[in-house]
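>>> Output the structure for:
(one chain, ligands or ions: 2)
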Amino acid sequence: MENKWWQKRVFYQIYPRSFSDSNGDGIGDINGIISKLDYLKWLGIGAIWLCPVYDSPNEDMGYDIRNYETIMQEFGTMDDFKNLLSELHKRDIKLVMDLVVNHTSDEHKWFVEARKDPSSKYRNYYIWRKGKDGKEPNNWSSFFTPSAWTYDKESDEWYLHLFAEKQPDLNWENADMRNEIYRMINHWFDLGVDGFRMDVISLIAKAPGLPNAKGDGYNMAPEHFAFQPKLHDYLREMRKECFDGRDCMCVGETTFVNTENANTVVGDGRELDLLFQFDLMDIDGENTKWNLKPFDLKEFKRIIDKWQKAIKWNTLFWSNHDQPRVVSRFGSTETYDSWKTSAKMLAVAMYLLKGTPFIYQGEEIGMTNYPFVDETQLRDIESINLLSQSSDRRDWAWKGILAKGRDNARTPIQWDDSINAGFSLGNPWIEVNPNYKNINVKSQINDDDSILNFYRELISIRNNNDVLINGDYRQIMFDDDRLFAYERFLDNRKITIYCNFSKDEIVLDVASDVEKIIGIACKNKNGYYALSPYGTLVIKN
Ligand code: ISL
Ligand code: CA
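Ligands and ions are numbered 1, 2, ... in the order given. The predicted structure is shown next:
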């Protein structure tokens, strides 16, 4: 089977602000990334997803772009960027950029013109409507604010924003706007980038007439802005104008995707190559992410099974810059042992599935959630807005933020045990996790038994094994509520993976003389393999 490059490589997601600061201003930057490329190569990484590095006022940490074609000053210059690209390619590492085209910043020159002059051609690059009876044009709520509309006094019209007020949605019905976006994408391709991760791409088309959502008050209206028929026209056009004929990859952040509509975007290869789905990320929330509910392994197993069967090629991830730290969330940080063992087990559970792994920075050393104690430590607009909108239930909101707040995954990478964990000599823009003296790259790199060295081994096993790349998937022991187990098979070769998600010891029905590829917290008990709490076993059979 002929694989595409993005099927054979392990991705690593970089959140530049928190990766490495080269000049002591407390903010991670491009030169900081360059200084760590040998580390990523050593780890076995084959491609990077780089979160936005474009000029931005940082209302939403770069997801509010002011200029698509310049680099954020705090991160460096265009020359630094070109240097990064060439240093990556020198090491045979691909670069996938973030593409945020559902919205811009309200400081983008298009929106500045649009707001200033309703007769300007840029007015129609955005979505403006007259109000209804002095109120919003419809009842949609946004991800970050109660209403998705903001009133503009000068023109007596409202503009739509599915995210923050400072993130006005682009009007994809406007062909001039679309062409400007395509030109911009091609410009980055011409510089040599290898692909894009497309932010909330499933939301770019809105239902004609912008109908009300069901229910009273403000409501999320995915039925009117996610996976609309026009989405496919836009994606096909974009593919034709920008992606066709290039050896590149586009992965969509397809918010509100499900197993029924997934193949409408990745099915025939004419829209997206890959997609991110969030069923797993919703597993510990009831209706909203902030209503915490316990992790249910059986539900996890159903979700994995459903997606492995639904589409040809999955993305495999546990976390990203919008999610808490995986070991805090789905593993155990109770003791040193359970932290270390469960972090390794989770890696095996996810990254030996069929698909392309995306490791989020810091995950490879088992970084944990941050023990926030007060709101001045928060930086994320989502958490800050939640608190200010929840004055009647502050404790509930705070509990939610501790468990799920996006800042948990945005604290600086812990490189060593020196000041600020070696991230910066200045004052970091967000606090460093106080556990950095115990959890850092330097202490793990020379420790054979560390999470870091395990990730390196796992990546290398995966990179070099055809069964793990192309083999079919089949889940086994489906009804077991402590074990997650699956097989990968190709021709007459088979690999079986067992992961103990529980605190119990589990004796497996596998003789201990079977050849093992990986065994963590796994011993021989009366001639059978036995998994200690959070243990994992991978065998060739
Ligand atoms: O973070 C989320 C839940 O807490 C998600 O709902 C998130 O808002 C959604 O997945 C879209 O995320 C992307 O677009 C946002 C940006 O804030 C996120 O960082 C980005 O990943 C708006 O551009
Ligand atoms: Ca810096």
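
>>> Can I get the longest strand along the chain in PDB? Just the C-alpha atoms.
Ranked by residue count under DSSP state E, the longest strand found in the chain is strand 528-540. Taking Å, rounded to 0.1, in the frame of the first residue of the first chain, the C-alpha atoms of strand 528-540 are listed here in PDB:
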ATOM      1  CA  TYR A 528       0.600 -15.600  32.200                       C
ATOM      2  CA  TYR A 529       1.100 -11.900  31.700                       C
ATOM      3  CA  ALA A 530      -0.500  -9.800  34.400                       C
ATOM      4  CA  LEU A 531      -1.000  -6.000  34.300                       C
ATOM      5  CA  SER A 532      -0.500  -3.900  37.400                       C
ATOM      6  CA  PRO A 533      -2.700  -0.800  37.800                       C
ATOM      7  CA  TYR A 534      -2.500   1.200  34.500                       C
ATOM      8  CA  GLY A 535      -0.200  -1.300  33.000                       C
ATOM      9  CA  THR A 536       0.000  -2.000  29.300                       C
ATOM     10  CA  LEU A 537       1.100  -4.900  27.100                       C
ATOM     11  CA  VAL A 538       1.700  -5.100  23.300                       C
ATOM     12  CA  ILE A 539       2.400  -8.500  21.800                       C
ATOM     13  CA  LYS A 540       3.100 -10.000  18.400                       C
END
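
>>> Quick one: mean pLDDT for that strand?
For strand 528-540, mean pLDDT rounds to 98.

>>> what's the answer for stretch 120-130, then?
Here stretch 120-130 scores 98 as its mean pLDDT.

>>> Also stretch 153-165?
98.

>>> what do you get for stretch 228-235?
The pLDDT scores in stretch 228-235 average 98.

>>> ok, now stretch 189-197?
98.

>>> Which residues does that stretch contact?
Stretch 189-197 is contacted from outside by 5-6, 47, 49, 82, 85-86, 89, 94-99, 185, 188, 242, 246-253, 273, using Cβ atoms under 8 Å, 6 or more residues apart in numbering. The way it works is simple: take the backbone N, C-alpha and C, and place the C-beta from them, glycine included.

>>> Could you tell me which of those residues count as buried?
By the neighbour-count criterion of 16 or more other Cβ atoms under 10 Å, the contacts of stretch 189-197 include these buried positions: 6, 47, 49, 85, 94-99, 185, 188, 242, 248-253, 273.

>>> Among those residues, name the ones in helices.
Of the buried ones among the contacts of stretch 189-197, the ones assigned to helices by DSSP state H are Trp6, Leu85, Ile185, Trp188.

>>> quick one: contacts for the residue nearest to the first one when sequence neighbours are not counted?
Beyond its immediate neighbours in the sequence, the residue positioned closest to Trp6 (Cβ to Cβ, 6 or more residues apart in numbering) is Met249, lying 4.1 Å away. Listed by Cβ under 8 Å, 6+ apart, the contact partners of Met249 are Lys4, Trp5, Trp6, Lys94, Val96, Asp194, Gly195, Asp273, Leu274.

>>> what does this protein have sitting close to ligand 2?
Residues of the chain found near ligand 2, taking Cβ under 5 Å from the ion as the criterion, are Asp21, Asn23, Asp25, Ile27, Asp29.

>>> Which of the residues you listed sits closest to Ser120?
Of all the residues of the chain next to ligand 2, Ser120 sits closest to Ile27, with 34.2 Å by Cβ to Cβ.

>>> wouldn't that closest one be in contact with Tyr15 here?
No: assessed by Cβ atoms under 8 Å, Ile27 is found out of contact with Tyr15, at 11.6 Å.

>>> Tell me where the stretch 51-200 of the chain has helices.
Under the criterion DSSP state H, counting those that start in this stretch, the stretch 51-200 of the chain contains helices at 78-90, 109-116, 175-191.

>>> These: which one's closest to Ile359?
That would be helix 78-90 among the helices of the stretch 51-200 of the chain, by Cβ to Cβ, at 16.1 Å.

>>> and the angle for that closest one with helix 175-191?
Interaxial angle of helix 78-90 relative to helix 175-191 (axes from the mean of the first three to the mean of the last three Cα atoms, to 10 degrees): 60 degrees.

>>> Can you list the helices and strands that helix 78-90 packs against?
helix 30-34, strand 67-71, strand 94-99 (3 or more Cβ pairs under 8 Å, 6 or more residues apart in numbering; DSSP states H and E).

>>> Extract the CA atoms of that helix and return them as CSV.
Extracted in CSV, the C-alpha atoms of helix 78-90 (Å, rounded to 0.1, in the frame of the first residue of the first chain):
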residue,chain,number,x,y,z
MET,A,78,9.4,36.7,8.4
ASP,A,79,13.1,35.9,8.1
ASP,A,80,12.9,33.9,11.3
PHE,A,81,9.9,32.1,9.9
LYS,A,82,11.7,31.2,6.7
ASN,A,83,14.6,30.1,8.7
LEU,A,84,12.4,27.8,10.8
LEU,A,85,10.9,26.3,7.6
SER,A,86,14.3,25.6,6.2
GLU,A,87,15.7,24.2,9.4
LEU,A,88,12.6,21.9,9.6
HIS,A,89,13.0,20.7,6.1
LYS,A,90,16.7,20.1,6.6
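
>>> ok now that helix, how far from the chain's centre?
23 Å (Cα atoms, centre = their mean, to the nearest Å).

>>> Give me the average confidence score over it.
Across helix 78-90, the average pLDDT comes to 98.

>>> now the end-to-end length of stretch 240-256.
25 Å (Cα to Cα, to the nearest Å).

>>> For the residue lying closest to Ile476 once chain neighbours are set aside, give the beta-bridge partners.
Closest residue to Ile476 apart from its sequence neighbours, by Cβ to Cβ, 6+ apart: Ala485 at 5.0 Å. Residues in a beta bridge with Ala485, per DSSP bridges, are Ile476, Tyr498.

>>> which phi and psi does the most centrally placed residue in the chain have?
Nearest to the mean C-alpha position of the chain, counting by Cα atoms, centre = their mean, stands Asn320 at 3.5 Å. Main-chain torsions, Asn320, degrees, to the nearest 10: phi -160, psi -170.
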